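Trainee: sequence first, predicted coordinates after that:
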Amino acid sequence: MDDPRAARLVETVLRCYPARWQRRHGEEAADLATLLIRDGTPAVSVAWSYLAGAAREWLTPRPGRYLTAVACALLVAACSLGVSAGLLASAAPARAASTSQAPGRSQCRPGSPGAVPGVTPAISRPQVIIWDTGHGRSC
Amino acid sequence: MAVSRRDGRAGQDVLRRVGEASVLILISLADGPKHGYALIQDIKQLADVELGPGTLYGALDRLERLGLIEPLPADDRRHPYRITAPGAAALRVHLDSLERVSAAGRLRLRLGGI
């Protein structure tokens, strides 16, 4: 790989590191990569090593990062709770409105004028589930 | 979490879990401060191990967090590192432990006639 392309590849991979790491080691790491590539180490091998290092750097738990992760998790939990509460609140008036139409739905009740003769509505047959050695049987 | 000087004296092998790269870096720094490129070259000569630059910086950060090495002021963008007193004590304890294991292994090979 020619020098400019190798340098660009390493630069790209070095950007995968956390900002704190880049501030601390970024310039030195780029210099080190140049020296290693000049010595004959393949640029891909250098880039791969930095990429694995960047992954390890992100995955290594640190006290500060742990607190940030906890804060983010709490924020996400609070947001999802808020969204759920909002959805429930918006659904409640609609449900109340639908129950107020009960007279209209009474046609579906057994024995009501709207019932089909000869057909037993399912509601009059209580469902019993018998659990027998792990097999659920409904009758 | 830095390793105190007392921990090194107590004989606890703190280097048992830090990995081979960290031990090789400490061995390389035992004869004087070095920066990244010099460390890679020295470890290649010393142990025939080619340390990747990503592995090197990970190990340097870990050793520094443990207080086993410390950075020196940068010269021309390069940060040399030097081994600290607790680092030297920890390395001594680890090498003693390796020697004991090595001696036991050799003895068993001899007893086993292999």
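Mentor: Right, received. Where do you want to start?

Trainee: and the helix or strand harbouring B:Glu70, what other elements does it pack with?
Mentor: Assigned by DSSP states H and E, B:Glu70 falls within strand B:69-71. Under the contact criterion of 3 or more Cβ pairs under 8 Å, 6 or more residues apart in numbering or on different chains; DSSP states H and E, strand B:69-71 touches helix B:20-29, helix B:53-65, strand B:81-83. Heads up, the C-betas are built off the backbone N, CA and C, glycines and all.

Trainee: the ones you listed: which one's closest to A:Leu14?
Mentor: For the helices and strands packed on strand B:69-71, the distance to A:Leu14 is smallest for helix B:53-65, at 9.9 Å, taking Cβ to Cβ.

Trainee: and that closest one, anywhere near chain A?
Mentor: Yes - contact of helix B:53-65 with chain A (Cβ under 8 Å from any Cβ of the partner chain) involves B:Pro53, B:Gly54, B:Thr55, B:Leu56, B:Tyr57, B:Gly58, B:Asp61.

Trainee: any idea how far the residue lying closest to the fourth one once chain neighbours are set aside lies from B:Arg108?
Mentor: Pointing back at B:Leu56 there. Distance criterion Cβ to Cβ, 6 or more residues apart in numbering or on different chains; nearest residue to B:Leu56, sequence neighbours excluded, is B:Gly36 at 5.8 Å. Distance, B:Gly36 to B:Arg108, by Cβ to Cβ, to the nearest Å: 39 Å.

Trainee: next one: A:Arg15
Mentor: 51 Å.

Trainee: again, but for B:Lys34
Mentor: 37 Å.

Trainee: got the angle between the host helix or strand of A:Ala55 and helix B:53-65?
Mentor: Under the criterion of DSSP H and E, A:Ala55 resides in helix A:43-59. Orientation check (axes from the mean of the first three to the mean of the last three Cα atoms, to 10 degrees): helix A:43-59 against helix B:53-65 gives 40 degrees.

Trainee: do helix A:43-59 and chain B come into contact?
Mentor: Yes - on the criterion Cβ under 8 Å from any Cβ, helix A:43-59 is in touch with chain B at A:Ser45, A:Val46, A:Trp48, A:Ser49, A:Tyr50, A:Leu51, A:Ala52, A:Gly53, A:Ala54, A:Arg56, A:Glu57.

Trainee: got the CA coordinates for that helix in CSV?
Mentor: The C-alpha trace of helix A:43-59 is given here as CSV (Å, rounded to 0.1, in the frame of the first residue of the first chain):
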residue,chain,number,x,y,z
ALA,A,43,-0.3,-1.0,6.9
VAL,A,44,-3.3,-3.3,7.1
SER,A,45,-1.7,-5.1,10.1
VAL,A,46,-1.0,-1.8,11.9
ALA,A,47,-4.6,-0.6,11.2
TRP,A,48,-6.0,-3.9,12.4
SER,A,49,-4.1,-3.7,15.6
TYR,A,50,-5.3,-0.1,16.2
LEU,A,51,-8.9,-1.2,15.4
ALA,A,52,-8.8,-4.0,17.9
GLY,A,53,-7.2,-1.6,20.4
ALA,A,54,-10.0,0.9,19.8
ALA,A,55,-12.7,-1.9,20.4
ARG,A,56,-10.9,-2.9,23.6
GLU,A,57,-10.7,0.8,24.7
TRP,A,58,-14.5,1.3,24.2
LEU,A,59,-15.3,-2.0,25.9
